[in-house]
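[1] Coordinates only, no sequence provided:
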């Protein structure tokens with residue numbers, strides 16, 4: 001088992017989860033975060049820290065299809081180890097459905 005970041009993180013990108021991760025397994029894209037499933041130790045401390053409630057175990061039905069997305073982008077995006085400000089309109093995007101088409105494949109800049 002591993003934890004994965006799911007659709008509700010898109011255009012929010014809160015990083016409270018990053019701050020508590022003991023193994024630094026988060027990677028940052030332009031508008032989304034992912035967890036590297038090969039680095040995650042399944043401790044679960046990130047899940048309750050996510051304000052957008054976008055992190056679930058890969059065995060949870062809400063994470064269906066997201067394990068592959070997390071693995072793919074973890075190999076392409078830079079590692080993030082510290083909390084950064086959420087996206088400017090994160091509160092507006094939090095909870096909106098059907099955000100998957102908005103997921104940018106670009107890595108975080110800066």
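    Received the coordinates, thanks. From a predicted model like this one, the values you see are computed outputs, not experimental measurements.
[2] Show me which positions of the lengthiest helix in the chain end up buried.
    Scanning the chain for the helix with the most residues, using DSSP state H, yields helix 66-74. By neighbour count on 16 or more other CB atoms under 10 Å, the buried set for helix 66-74 is 66-67, 69-71, 73-74. To be clear about C-beta, it is placed using only N, CA and C from the backbone, and glycine gets the same treatment.
[3] Read off the pLDDT value for the closest residue to residue 36 other than its chain neighbours.
    Spatial nearest neighbour of residue 36, excluding adjacent residues (CB to CB, 6 or more residues apart in numbering): residue 74 at 3.7 Å. Predicted confidence (pLDDT) for residue 74: 98.
[4] Residue 110 too?
    Residue 110 is assigned a predicted lDDT (pLDDT) of 72.
[5] Pick out the residue closest to the middle of this structure.
    residue 33 (3.3 Å; CA atoms, centre = their mean).
[6] where exactly do the strands run in the protein?
    For the chain, the strands defined by DSSP state E occupy 3-5, 26-28, 33-35, 55-57, 79-80.
[7] neighbouring strands for the second one, and are they parallel or not?
    Strand partners for strand 26-28, identified by DSSP bridges, are recorded as strand 33-35 (antiparallel), strand 79-80 (antiparallel).
[8] Setting aside sequence neighbours, what's the nearest residue to residue 69?
    residue 34 (6.8 Å).
[9] Is that neighbour in contact with residue 25, as I believe?
    No. The criterion here is CB atoms under 8 Å, and residue 34 misses it with residue 25 at 9.1 Å.
[10] before we move on, the earlier item: burial count for the residue nearest to residue 69?
    25 (other CB atoms under 10 Å).
[11] what do you get for residue 78?
    A count of nearby residues for residue 78, using other CB under 10 Å, gives 12.
[12] likewise residue 84?
    14.
[13] got the phi/psi numbers for it?
    phi -130, psi 160 (degrees, to the nearest 10).
[14] just checking, it touches residue 16?
    No. When contacts are counted by CB under 8 Å, residue 84 is not listed as touching residue 16 (10.5 Å).
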